[in-house]
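Visitor: quick one, what's the 3D model for this:
(2 chains)
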Amino acid sequence: MKITLNNREEEFGFPELTITRLMAEKNFTFRMLVVKVNGELVKRHEFDHKIVRDGDDVMILHLITGG
Amino acid sequence: MPVSYPEAISKYLGRFTVGIAGCGGLGSNCAVALARCGVGKLVIADYDIVTLQNLNRQYYFHDQIGRLKVHALRENIQRINPAISVKAFDMKLCVSDVLELFAGCDVIVEAFDKAEMKQMIIETVLGQMPGKYLISGIGMAGWGKTDIIHCLRSDRLIICGDGVSEVTETLPVLAPRVNVVANMQANEVLEILLKEFVPPLPENQHEDNIK
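Guide: Next comes the predicted model:
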C-alpha cells in the first residue's frame, strides 16, 4: 500500500497495517505522540485496532519538551 | 488622510482574538509579535513566575523577576500597544480550562514547555473543538540548524519547529531559535487571520479610477 505519512509518500509491503504495526515498521518508539488518520484524531487505546489502508493520509507527531 | 497599508492590516486584525497557552519562550515572544501587528484581543495563560534564568529567551525584563508571567506579559504588551485587550489567566491549564478559556478564540497557539501538555492541548482542540485552528511549537532547543526548522500543516493543526531538538541539560532553549519558532507561529496566525483581508486601494490608483 501507498500512504502519505507526515506529508510524504511512503510505500509498505502490506495491504493494510494497524497504527501499532505501522509504527513498528518505521521504528517509531515515541512515548508522547499524536496520531491522525485522514484528519481524524486516533487515541492511544485505538492504536492496535485502527487500520491504515492504501491512500490514507497519516500524521504521527512526536511530542518533545521545549518551549 | 488615507489609511496606510500597515494601518489597514492592524485595524483589520483588531477584530480577532488569539489564545496563547503558555507564556515562556514561545508564548511571550509570539504574543508580542501578534500585539505589534494589532491582534485585538489576546487570551494568555501560564502559572509560572519570571526568573533570572528565563531572561535568556523570554520577553520579560530584569525588574519583572518574581512576578507572575501573565501579569508581566500583559504589562509588556500594553506598553507596546495599549489598545490591545489582554485576558490573563494565572493557572495550569487542564482539558476543561482549554475548552472554556479558548472557546472564543479565532486561533489557539500552543506554547507549552512540557510534551505532556502539548499532547493534552492538541488532543483537546482536535478532538473537542471542531473548526478551531491550533498552532503548535515542537522542537526548538539549541542553536544553529536554522534550515531544519519548518512548518507541517494538517487541516487545522499546524506544527512549527524542527520536530527533533528536545531540551536537555546540554541543549538548552536560547533566544534566537525559540524566537524563530515563536515568530513562525505568529506568522501562521496572520496567514489564517488575513485570509480574507482586502487591502485598501492605493491613493494614486484610486484617482486613476475616478478619471
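Visitor: ok, residue B:88 - contacts?
Guide: Contacts for residue B:88 (CB atoms under 8 Å, 6 or more residues apart in numbering or on different chains) come out as B:44, B:45, B:68, B:70, B:71, B:73, B:74. Any C-beta I mention is one placed from the backbone N, CA and C, and that applies to glycine too.
Visitor: swap in 7 Å and give it another go.
Guide: B:44, B:70, B:71, B:74 (CB atoms under 7 Å, 6 or more residues apart in numbering or on different chains).
Visitor: what does residue A:65 give?
Guide: B:113, B:114, B:115, B:166, B:167.
Visitor: what's the answer for residue B:127, then?
Guide: Residue B:127 neighbours (CB under 7 Å, 6+ apart): residue A:41.
Visitor: okay, now residue B:94: neighbour count?
Guide: Residue B:94 has 11 neighbours, counted by other CB atoms under 10 Å in any protein chain shown.
Visitor: what of residue A:60?
Guide: Neighbour tally, residue A:60, other CB under 10 Å: 18.
Visitor: same check, this time on residue A:16
Guide: The burial count for residue A:16: 14, using other CB under 10 Å.
Visitor: related to what we said a few turns ago, tell me which two of the contacts of residue B:88 sit farthest apart.
Guide: B:44 and B:71 (9.8 Å; CB to CB).
Visitor: okay, these two: which has more neighbours?
Guide: A count of neighbours by other CB under 10 Å puts residue B:44 above the other of residue B:44 and residue B:71, at 28 against 18.
Visitor: so that one is in which element?
Guide: strand B:41-46 (DSSP states H and E).
Visitor: near chain A, anything from that strand?
Guide: No: between strand B:41-46 and chain A, judged by CB under 7 Å from any CB of the partner chain, nothing touches; the nearest distance is 10.9 Å.
Visitor: quick one: strands adjacent to that strand?
Guide: strand B:17-21 (parallel), strand B:85-90 (parallel) (DSSP bridges).
Visitor: the longest one - what's its average pLDDT?
Guide: It stands for strand B:85-90. Mean pLDDT, computed over strand B:85-90, is 98.
Visitor: same thing with the first one?
Guide: For strand B:17-21, the mean per-residue pLDDT is 98.
Visitor: what's the first helix or strand after it?
Guide: Past strand B:17-21, the next helix or strand by DSSP H and E is helix B:25-37.
Visitor: repeat for the longest one
Guide: Per DSSP H and E, strand B:85-90 leads on to helix B:95-101 as the next helix or strand towards the C-terminus.
Visitor: what mean pLDDT does that next one get?
Guide: Rounded mean pLDDT across helix B:95-101 is 98.
Visitor: and what of stretch B:52-67?
Guide: Stretch B:52-67 comes out at a mean pLDDT of 98.
Visitor: what does stretch A:15-22 give?
Guide: 97.
Visitor: buried set for it?
Guide: A:17, A:19, A:21, A:22 (16 or more other CB atoms under 10 Å in any protein chain shown).
Visitor: could I get the helix ranked longest in chain B in PDB with only the CA atoms?
Guide: The helix spanning the most residues in chain B, taking DSSP state H as the definition, is helix B:175-193. The C-alpha trace of helix B:175-193 is given here as PDB (Å, rounded to 0.1, in the frame of the first residue of the first chain):
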ATOM      1  CA  ALA B 175      16.500  33.200  22.400                       C
ATOM      2  CA  PRO B 176      17.300  33.100  18.700                       C
ATOM      3  CA  ARG B 177      16.000  29.600  17.900                       C
ATOM      4  CA  VAL B 178      12.900  29.800  20.100                       C
ATOM      5  CA  ASN B 179      12.200  33.200  18.700                       C
ATOM      6  CA  VAL B 180      12.400  31.800  15.100                       C
ATOM      7  CA  VAL B 181       9.700  29.300  16.100                       C
ATOM      8  CA  ALA B 182       7.600  31.700  18.200                       C
ATOM      9  CA  ASN B 183       7.500  34.100  15.300                       C
ATOM     10  CA  MET B 184       6.800  31.300  12.800                       C
ATOM     11  CA  GLN B 185       3.700  30.600  15.000                       C
ATOM     12  CA  ALA B 186       2.700  34.300  14.900                       C
ATOM     13  CA  ASN B 187       3.200  34.300  11.200                       C
ATOM     14  CA  GLU B 188       0.900  31.300  10.800                       C
ATOM     15  CA  VAL B 189      -1.700  33.100  12.900                       C
ATOM     16  CA  LEU B 190      -1.500  36.000  10.500                       C
ATOM     17  CA  GLU B 191      -1.800  33.700   7.500                       C
ATOM     18  CA  ILE B 192      -5.100  32.400   8.900                       C
ATOM     19  CA  LEU B 193      -6.500  35.700  10.100                       C
END
